[in-house]
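**Student:** Quick check, what structure comes out for this input:
(chains A and B)
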Amino acid sequence: MPPHKRKPTPKDDFFEHGRQLLQDAENSTNPKFAKLRAKAAKRYFDAHVKGGARISTGLALGVGLPVILLLAGICIYAAIKLSPTVVWFVLIACVAFTLIIMLMLLALTGLMGDSLVAKVMLGIFDKLIAAYSKGKPDAR
Amino acid sequence: MPSKKLENFSRRNPELAPLVQKLMDYIHWLLGQKITKLIPRVAAAQLGISEADTLGLLSLFQDAGIVEPRYDLVCKQTGSVLGSYHSLDEIPDKIECNVCGKEHDADDLRVDLVFEIAQGRAANAAA
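**Tutor:** As a prediction, the model looks like this:
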């Protein structure tokens, strides 16, 4: 089945204009004008600037960073207090959880498309299944 | 320039002050012609700067309450404005054109950013 393509809207060309404005702002030689242009781009071409973002990058960092630090703390705690077998289990769980959180935050901030996130997640899942099947003794 | 915000900006950025004054004069001239909408592209040509720079300046004028942004939905065939909206979210993807009598979608429509001049504030600021 061909992939579902989003129908263009009248706003699409307009957002392209906003993208140009942002580029202009980055290339500006006058810092004051660059700041004003960037402000205008954000203000008037808001939907474009967000690029399909549902949360701001600041919020994503504010949520993601403490969670990742907490997971790192859990790993360190497990390494100090628990047996090596449990540490490996905790480490794998924490790395997997961190990956999922990072992918979700990238998708929510619009830095990564939803379909790409789904592809990466499916890829990881496939690799895990393949590794698990390889590790298992042959059933025959 | 009785607008405090513009005055402060011009004082802090003396190199941009002439442009701010020029845009203010242009807005005053538009009002004199009984035109209440400012088109950034046209204003940019009047000021001799890029449209991007003009939009930057207009964002200052918006902060000063002199202009308000509007998103005009325009029929590409006739160039007529079919609707004027306060935000991008309000713009429909399809609209019945009262000029052509057809239903238009993305291919026949374009969105233009224009600025409505707050007549009282602009007149005061230009005084």
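**Student:** and the residue in chain B that chain A sits nearest to, how many residues sit next to it?
**Tutor:** In chain B, the residue that lies nearest chain A is residue B:56 (2.9 Å; CB to the nearest CB). All C-beta spots, glycine's among them, are computed from the backbone N, C-alpha and C. In terms of burial, residue B:56 registers 29 neighbours under the definition other CB atoms under 10 Å in any protein chain shown.
**Student:** for the spatially most central residue of chain B, what are its contacts?
**Tutor:** Closest residue to the average C-alpha location of chain B: residue B:115 at 2.2 Å, with CA atoms, centre = their mean. Shown in contact with residue B:115 (CB atoms under 8 Å, 6 or more residues apart in numbering or on different chains): B:37, B:38, B:39, B:40, B:58, B:61, B:62, B:67, B:68, B:69, B:70.
**Student:** restrict these to contacts with chain A.
**Tutor:** When the contacts of residue B:115 are filtered against chain A using CB under 8 Å from any CB of the partner chain, the residues retained are B:58, B:62, B:69.
**Student:** which residues of the chain score low on pLDDT?
**Tutor:** Using chain A. Under the criterion pLDDT under 70, the flagged ranges of chain A are A:1-8, A:21-29, A:46-54, A:110, A:113-115, A:135-140.
**Student:** wait, I meant chain B there
**Tutor:** For chain B, applying pLDDT under 70 flags the ranges B:1-2, B:120-127.
**Student:** Name the residues of the longest helix anywhere in it that are buried.
**Tutor:** Taking DSSP state H as the assignment, the helix of chain B that covers the most residues is helix B:17-32. Of the residues in helix B:17-32, those scored as buried under the neighbour-count criterion (16 or more other CB atoms under 10 Å in any protein chain shown) are B:17, B:19, B:20, B:22, B:23, B:24, B:26, B:27, B:30, B:31.
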